[in-house]
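[1] I'd like to go over a predicted model; first the sequence, then the structure.
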Amino acid sequence: MDKFVFIFGPQAVGKMTVGQELAAITGLKLFHNHMTIDLLEPLYGFSPEMWRLTHLFRNEIFQSFAQMDEYGMIFTKVWDFDSQEDWDDVENMRNIFSSQGVDICFVELEADVEQRLIRNKTDNRLAHKPTKRNIEQSEQHLLSTYKQLRLNSREGELQTTNYIRINNTNLTATEVALRIKSEFEL
């Protein structure tokens with residue numbers, strides 16, 4: 001495996017949609033965070049056991065995929081910058097891939113909350129994320145985390161190579177994917 005592209009940012013910023021576009025133009029495989037959440041939530045709800053299994057599944061998939069003869073993977077996730085557990089998850093993910101010599105690319109997306117509320121209801125999002133289909137609940141969660149959590153980094157906080165931050169409020173997913181492809185020579 002050559003490349004691991006980690007796309008992060010707040011809910012409904014466009015991580016999965018950008019990932020879909022990037023996968024289409026690069027041949028990278030998309031593993032968006034709801035692929036594990038939506039598998040487990042119907043069985044466990046949003047419980048500690050669901051999150052434990054989500055982390056376990058993701059780590060196993062990362063370890064297996066990092067050793068495969070594939071060009072690479074795109075992974076999407078909401079990162080709470082005030083949560084040590086989230087920092088630890090990202091470091092663990094980085095270690096899995098870097099130990100296999102994989103080039104890791106960090107892509108942070110940000111967008112105005114008004115635009116994110118619009119994106120929260122798109123057909124593509126609802127088709128691929130069953131737990132987001134209760135629009136009222138999803139909007140309440142988006143707005144409460146907007147007020148309570150820090151889901152974008154501070155200027156200069158991420159001291160890593162291969163990092164780009166994109167405000168995609170007024171950009172299409174295709175425009176963002178093309179920028180990522182160019183930036184990291186994918």
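    Perfect, I can see it now.

[2] Check which element follows the helix-or-strand element of the chain with minimal mean pLDDT along the chain.
    Counting by mean pLDDT, DSSP states H and E, the chain has its least confident helix or strand at helix 123-128, which shows a mean of 87. Next helix or strand after helix 123-128 toward the C-terminus (DSSP states H and E): helix 135-148.

[3] And that next one, what does it pack against?
    helix 113-119 (3 or more CB pairs under 8 Å, 6 or more residues apart in numbering; DSSP states H and E). C-beta coordinates here come from the backbone N, C-alpha and C atoms, glycine included.

[4] Give me the distance from whichever helix in the chain runs longest to the chain's centre.
    Ranked by residue count, the top helix of the chain under DSSP state H comes out as helix 48-66. Remark: helix 48-66 is offset 14 Å from the chain centroid, using CA atoms, centre = their mean, to the nearest Å.

[5] what do you get for stretch 106-125?
    12 Å.

[6] With stretch 100-119 instead?
    Worked out by CA atoms, centre = their mean, stretch 100-119 lies 6 Å from the chain centre.

[7] Alpha carbons only: can I get that stretch in CSV?
    What follows is stretch 100-119, C-alpha atoms only, in CSV (Å, rounded to 0.1, in the frame of the first residue of the first chain):
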residue,chain,number,x,y,z
GLN,A,100,4.2,-0.3,6.7
GLY,A,101,5.9,2.6,4.9
VAL,A,102,2.6,4.1,3.8
ASP,A,103,2.6,7.8,2.9
ILE,A,104,0.0,9.5,5.1
CYS,A,105,-1.9,12.6,3.9
PHE,A,106,-4.0,14.7,6.3
VAL,A,107,-6.9,16.6,4.8
GLU,A,108,-8.9,18.9,7.1
LEU,A,109,-12.2,20.3,5.8
GLU,A,110,-14.1,23.2,7.3
ALA,A,111,-17.3,24.9,6.2
ASP,A,112,-19.8,27.4,7.6
VAL,A,113,-22.4,25.8,9.8
GLU,A,114,-25.2,27.1,7.5
GLN,A,115,-23.7,25.1,4.6
ARG,A,116,-23.2,22.1,6.8
LEU,A,117,-26.9,22.1,7.7
ILE,A,118,-27.8,22.1,4.0
ARG,A,119,-25.4,19.3,3.3
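
[8] Fine by me, we can end here.
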